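S.K.: sequence first, predicted model second:
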Amino acid sequence: GKHLYAAVLRSPALTNEGSGFVTILDKNNKVVSNIGGSKPEYKNGVLQPMSQAEKILLNPHDVCVDDDENLYVAQWASGKVYPYKFNRV
């Protein structure tokens, strides 16, 4: 596909439980969006630190993409919830 999807378990440090988000990178390895995370910001071509901006996900662990480019996000230690589905818009 055109994008890489990755779960960020905790942000900005591993000691911050329940602070994850999903990051989306383009084919040039540039972050273009963060589901539940801060807006990606580049200064002089350098990506600035990112963190959880909305409490959508607790401990995202993995991301799967279906043929319609909907995302399924599995979480770890999050109250035994089923994976969340995010519909492509």
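M.R.: Alright, I've got the coordinates. Residues are numbered from 1 along each chain as shown.

S.K.: give the helix, strand or coil label for the spatially most central residue of the chain.
M.R.: A centroid search over the chain (CA atoms, centre = their mean) returns residue 22, at 0.5 Å, as the residue closest to the centre. Following DSSP: H, G, I helix; E, B strand; the rest coil, residue 22 is assigned to strand.

S.K.: check the gap between it and residue 36 for me.
M.R.: As judged by CB to CB, to the nearest Å, residue 22 and residue 36 stand 7 Å apart. Just so you know, the C-beta spots here come from the backbone N, C-alpha and C atoms, and that holds for glycine as well.

S.K.: overlap in contacts of those two?
M.R.: Residues touching both residue 22 and residue 36 by CB atoms under 8 Å, 6 or more residues apart in numbering: residue 57.

S.K.: ok, now how distant is the residue nearest to the centre of the chain from residue 64?
M.R.: On the measure of CB to CB, residue 22 and residue 64 end up 11 Å apart.

S.K.: between those two, which contacts overlap?
M.R.: Residues touching both residue 22 and residue 64 (CB under 8 Å, 6+ apart): residue 71.

S.K.: okay, now the unreliable bits of this structure?
M.R.: Along the chain, the model assigns pLDDT under 70 to residues 13-14.

S.K.: strands along that one, start to end?
M.R.: Taking DSSP state E as the criterion, the chain contains strands spanning 4-8, 21-25, 31-35, 42-43, 46-47, 60-65, 71-75, 84-86.

S.K.: how about the nearest residue to residue 26, chain neighbours excluded?
M.R.: The shortest distance from residue 26 to any non-neighbouring residue, by CB to CB, 6 or more residues apart in numbering, is to residue 32 (5.1 Å).

S.K.: before I go, just wanted to say thanks for your time.
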